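Chemist: kindly generate the corresponding structure for this input.
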Amino acid sequence: MTLWTSDVIAAATGGTASAPFSVTGATFDSREVTNGDLFIALTGEATDGHRFLPQAFERGAAGAIVSQPCDQPHVLVADTMAALEALARAARARTDAKIIGVTGSVGKTGTKEALFAALDRGVPGEAHRSVKSYNNHTGVPLSLARMPAETRFGVFEMGMNHAGELAQLTRLVRPHVAIVTTVASAHREFFDSEEAIADAKGEIFQGLEPGGVAIVPYDNIHRDRLLAAAAPYAARTVTFGLEKGADVRAIETMRTANGGTFVTAAIGARELSFTISQPGMHWVSNCLALLAAVDAVGGDMALAGLALAELGGLAGRGARFSVPVGAGEALVIDESYNANPSSMRATLAVLGAEQAARKIVVLGEMRELGVDSDAYHAALAAPIAAAGVKAGILVGERIAPLANALEGQGDFVHVADAAAARAALSALLMPGDAVLIKGSNGVGLAAVVAALRSGTL
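Modeler: Alright, predicted model coming up:
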């Protein structure tokens, strides 16, 4: 199906089309181009997308947005980034879809993916969401520009690491429903306090459409701060959580045989029982927020519950697989995409619930934690012990305080980088192990996961 035509692109961006063309998708990464795509040649400090026009058209691009004339079909504009934002606004303006925005210190991507699955189950092929972690000043407008006009539900992840960023993104997305999954000490390097992080997350409510709904974590210490941030913009606020008093709350939870959770939830005066395939109480919390959002946009709650039972793990965010080790195998929990103190504690609790001969960790340093970085790292010793972990590999210079705190508590080694972690894990891994791999993305632990998957550890 046609996503955009050259005439519509030109009208939206104020550009000039070199020739008629139509596109079925859009991207600014030439490596992601597929047949029929629009390639947007962004210009940045590190590189210039115009250099990759030949590769984009070789891969099947049907047209491009450029600020320099080229021989291929294109729309010529003064500024390609401004054109991408204009195309995003045009996509948002032409749709009647119910739009949901998701942010939070932890759980944004998982909640976004689960929410998409829940809504798509009710209207197959008519739900849309941002892919990967496209949640910043380029990813959000691209995700909007990719949204078909016929979309019925749109789910957009929005991230930030500085104050003011979410305010800009949410005014572009203009959600009917805005979710804050939780507030915790992520990107603390750029904020004076956790309260300042809560204020920055609360900016998502500023873009709410008239009659919009704010969804706030009831159990979070910053709940009242978020409620105050929502008050000027939301027609209605819904809280979710495990504690009594939440509008959407878990009445009962029970671990299932495959590690997931069976939940009975109260949604106002109604009750819904469902199974979450993904393990951990953090997933229970995420799914309560999800139910609040599905209810707010008039989605099918029963089908949403069925979708939650079928969720697969996301690469880097909870995907699980087994690898052969000697005469047996080991379980790998891939949480390699990112890490902060809150998500570390949550996933260590998941590891602790596993039935395994031995529980081990490969933990990379947590970045952007500012002056309290040493304390945040050292504090992980307690949840590691509570999870029954007696062996592991600690990766990176910043994680040294944790290595010191764990001295004498088991077989833990401290290494410099992912390559050294890979070698150390090869020597450590035994049949029957369950291994959690988690760290900030820049540490590169995804390479360790890839080596395990390919059998080249």
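Chemist: how far away is the residue nearest to the spatial centre of the chain from residue 337?
Modeler: Most central in the chain under C-alpha atoms, centre = their mean is residue 109, positioned 1.9 Å from the mean C-alpha point. Distance check for residue 109 against residue 337: by C-beta to C-beta, to the nearest Å, it reads 8 Å. C-beta coordinates here come from the backbone N, C-alpha and C atoms, glycine included.
Chemist: quickly list what's touching both of the two.
Modeler: When contacts are counted by C-beta atoms under 8 Å, 6 or more residues apart in numbering, residue 109 and residue 337 have 133, 317 as shared neighbours.
Chemist: who does the host helix or strand of residue 303 touch, helix- and strand-wise?
Modeler: Secondary structure assignment for residue 303, by DSSP states H and E: helix 301-309. Applying 3 or more C-beta pairs under 8 Å, 6 or more residues apart in numbering; DSSP states H and E, one finds that helix 301-309 makes contact with helix 108-122, strand 270-276, helix 281-296.
Chemist: helix or strand next in line after that helix, which one?
Modeler: That would be, after helix 301-309 and using DSSP H and E, strand 319-325.
Chemist: and of the helices and strands packed on helix 301-309, who's closest to residue 43?
Modeler: Taking C-beta to C-beta, helix 108-122 is the member of the helices and strands packed on helix 301-309 nearest to residue 43, at 27.5 Å.
Chemist: helices or strands next to the closest one in the packing?
Modeler: strand 98-103, strand 127-129, strand 153-157, helix 281-296, helix 301-309.
Chemist: list of residues touching the third one?
Modeler: Read that as strand 153-157. Taking C-beta under 8 Å, 6+ apart as the rule, strand 153-157 contacts 95, 97-103, 108-109, 112, 115-116, 119-120, 123, 126-130, 133-135, 140, 143-144, 147, 173, 175, 297, 299.
Chemist: quick check: neighbours of that strand in the sheet, parallel or antiparallel?
Modeler: strand 98-103 (parallel), strand 127-129 (parallel) (DSSP bridges).
Chemist: what element comes up after the last one heading to the C-terminus?
Modeler: What it means is strand 127-129. Defined by DSSP H and E, the subsequent element after strand 127-129 is helix 139-145.
Chemist: about what we covered before: CSV please, covering the strands paired with strand 153-157 and showing distance to residue 87, mean pLDDT and mean neighbour count.
Modeler: As requested, these are exported to CSV (distance: least, C-beta to C-beta, whole Å; pLDDT from 0 to 100; neighbours: other C-beta atoms under 10 Å):
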stretch, distance to residue 87, mean pLDDT, mean neighbour count
strand 98-103, 16, 98, 28
strand 127-129, 15, 97, 24
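Chemist: what's the closest of these to residue 188?
Modeler: The nearest among the strands paired with strand 153-157, by C-beta to C-beta, is strand 98-103 at 16.4 Å.
Chemist: before we move on, the earlier item: would a markdown table of the helices and strands packed on helix 108-122 with distance to residue 444 be doable?
Modeler: Listed next are those as a markdown table, based on distance: least, C-beta to C-beta, whole Å:
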| stretch | distance to residue 444 |
| --- | --- |
| strand 98-103 | 26 |
| strand 127-129 | 27 |
| strand 153-157 | 23 |
| helix 281-296 | 24 |
| helix 301-309 | 32 |
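Chemist: of all the ones you listed, which one is nearest residue 191?
Modeler: strand 98-103 (14.6 Å).
Chemist: run the angle between that closest one and helix 281-296 for me.
Modeler: Counting by axes from the mean of the first three to the mean of the last three C-alpha atoms, to 10 degrees, strand 98-103 lies at 150 degrees to helix 281-296.
Chemist: thinking again about what came up before, with mean pLDDT as extra columns, can I get the helices and strands packed on helix 301-309 in JSON lines?
Modeler: Below are the helices and strands packed on helix 301-309 laid out as JSON lines (pLDDT from 0 to 100):
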{"stretch": "helix 108-122", "mean pLDDT": "95"}
{"stretch": "strand 270-276", "mean pLDDT": "95"}
{"stretch": "helix 281-296", "mean pLDDT": "96"}
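Chemist: pLDDT at the closest residue in space to residue 432 that isn't next to it in sequence, what is it?
Modeler: Closest residue to residue 432 apart from its sequence neighbours, by C-beta to C-beta, 6 or more residues apart in numbering: residue 357 at 3.1 Å. Residue 357 is assigned a predicted lDDT (pLDDT) of 94.
Chemist: low-scoring stretches of the stretch 1-150 of the chain, by residue?
Modeler: The stretch 1-150 of the chain contains no residues with pLDDT under 70.
Chemist: so who does residue 159 touch?
Modeler: 103, 108, 133, 135, 136, 165, 166.
Chemist: good, wrapping up.
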